[in-house]
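Asker: the following block contains a protein sequence and its predicted model.
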Amino acid sequence: MTKKYLSVAFAYVGVIVGAGLASGQDLLQYFLAFGAKGLIGIVALGVLNVIFGVVALQLGSYFRSDNHDEVFERITHPVLRRVIDVVLIFSAFTMGFVMLAGAGANLQQQFGVPTWAGSLLCALLVILTAFLDFDRIMNVIGVFTPIIMIAIAVLATYSLVTPHAGIAELNAAARNVTPALPNLWLATINYFALCVVGGIAMAFVLGGSILRIGEARRAGRIGGLLIALVLGADALALYLNVDRIWDVNVPALEIARSIHPLFAFGYTLVIFALIYNTAFSLFYSTARRFSGGSISRMRLVLVGVVAAGYAASFMGFKKLIGIMYPVIGWLGVVLLIILAVGWLRERSAVLREENLRRKLIRVQVRKHADDLEYTEADRAEARTLAQASVVDGAELRREADSIAEQIVATQDDAVAYVRTQLPVDEELVAERIAEASPDSTESK
């Protein structure tokens, strides 16, 4: 069996870990401006990201979403859905041009490249990536995740083993940073909401690429945990060096320079890659929203929004984070409340659907296993299960059949595999079928 959930988890990390986090500017303004106690906020933020990853990817898988509007259409009132749609489009576009500004600031600080040129290079890469197919796009987004984890681990280790100022001196230096918000807990909530706003659209799309809801949940848990580890290591490195990096555009790069010029060179490229990752995810999810399912239209829209974002990026990276991020964060708090209510309402339905899909895969395994008989009763059961699903039944059967075929091809004992890896609560399956029966149609 392929481990698709791992590629989705890494792609999800690539979406959330963007310019501000990899550069250190986000964490500096939101958390380390409060000194050592800001690290407590980082721990809370890590836990919240694990929870969000699990919820968002599961909902995306449950609805097999192609864009964020497909999920919010099902979990909230039409008026609120329109408000959310506007907020997410505005926020994705705004954060997208902040990413482009970050690309310019990063290359300018390390290489002296004009900021407009660095931003333009990132914008062109975003446009070119849109012409790949989705599986390749997902791999591109996730490919730099292990690299940034290693790079930040090096920053944190170096900061721990080399001499640094005492806590009192570090706290005094941290007070030179203008905090994004006046209170640590408000800053934690606001920044988490900012992560949600920036990541939810692409998280739904990533979750929607996974048929098995359990795999989506696993991807969200792993991705959220990796983000928490990156946050903790990055924040620790920044805090231990805050007395000398508090006033630079890309503070993490300043630490990298202290290690070795070659490491600083490599870290610059990693930051740029993550900026590009996040910029692409933001602009891509926005373009998908207006594409109507058409790939060619999506690409055309993406070119337009990236061009507009490039023009807006000339306001400057550090200034944009200080001004725009808190505003987007508060909009995100409203989104968080709606998402939490929707999840609480849907979670039992998600569990029923998860068991239904497992049961369908188990039935389809009989079709491909040489030592099992696939009867007319099995075929009728597969049809009933597909019709009872919340998503398109024909597409569900095709994908379940593909997964079943893969299980039979890769497992020595397919029956034992599905019994242990795809347990089914028959009562929940029966509830889902009974729930759907009045609305089921042969067209599904």
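Answerer: Cool, got the structure. The structure presented is a predicted model; accordingly, all values stated were derived computationally and were not measured.
Asker: drop to CA atoms for contacts and neighbour counts, all remaining ones
Answerer: Fine.
Asker: can you pull the contacts of Ile42?
Answerer: By C-alpha atoms under 8 Å, 6 or more residues apart in numbering, Ile42 lies in contact with Phe31, Thr188, Leu231, Gly232, Ala235.
Asker: can I get those residues in TSV with pLDDT and secondary structure?
Answerer: Below are the contacts of Ile42 laid out as TSV (pLDDT from 0 to 100; DSSP: H, G, I helix; E, B strand; the rest coil):
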residue	pLDDT	secondary structure
Phe31	95	coil
Thr188	94	helix
Leu231	92	helix
Gly232	94	helix
Ala235	95	helix
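Asker: emit the PyMOL select command for whichever of those are buried.
Answerer: The PyMOL command for the buried members of the contacts of Ile42 (criterion: 16 or more other C-alpha atoms under 10 Å) is given here:
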select buried, resi 31+188+231+232+235
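Asker: just give me the closest of the contacts of Ile42 to Asn49.
Answerer: Leu231 (10.1 Å; C-alpha to C-alpha).
Asker: hang on, the closest one packs against Val47?
Answerer: No - assessed by C-alpha atoms under 8 Å, Leu231 is found out of contact with Val47, at 10.6 Å.
Asker: picking that back up, nearest to Arg345, of the contacts of Ile42?
Answerer: Of all the contacts of Ile42, Arg345 sits closest to Thr188, with 25.9 Å by C-alpha to C-alpha.
Asker: for that closest one, which residues are in contact?
Answerer: Thr188 neighbours (C-alpha under 8 Å, 6+ apart): Tyr30, Phe31, Gly41, Ile42, Ala44, Leu45.
Asker: quick check: closest non-adjacent residue to the second one.
Answerer: Read that as Phe31. Distances taken as C-alpha to C-alpha, 6 or more residues apart in numbering put Gly38 closest to Phe31, at 4.5 Å, once the chain neighbours are dropped.
Asker: number of nearby residues for that neighbour?
Answerer: Per other C-alpha atoms under 10 Å, the neighbour tally for Gly38 reads 21.
Asker: how close does it sit to Thr115?
Answerer: Gly38 sits 31 Å away from Thr115 when distances are taken as C-alpha to C-alpha, to the nearest Å.
Asker: could you do His77 as well?
Answerer: Note on His77: its distance to Thr115, by C-alpha to C-alpha, is 43 Å.
Asker: again, but for Trp246
Answerer: Trp246 is 21 Å from Thr115, by C-alpha to C-alpha.
Asker: Val126: which element?
Answerer: Element membership of Val126 [criterion: DSSP states H and E] is helix 115-129.
Asker: in that helix, which residues are buried?
Answerer: Those would be Thr115, Trp116, Gly118, Ser119, Leu120, Cys122, Ala123, Val126, Ile127, Thr129, for helix 115-129 by 16+ other C-alpha under 10 Å.
Asker: C-terminal to that helix, what's the next element?
Answerer: Next along the chain after helix 115-129, taking DSSP H and E as the criterion, comes helix 134-143.
Asker: I'd like to know which elements that next one is packed against.
Answerer: helix 4-16 (3 or more C-alpha pairs under 8 Å, 6 or more residues apart in numbering; DSSP states H and E).
Asker: sweet, I'm off.
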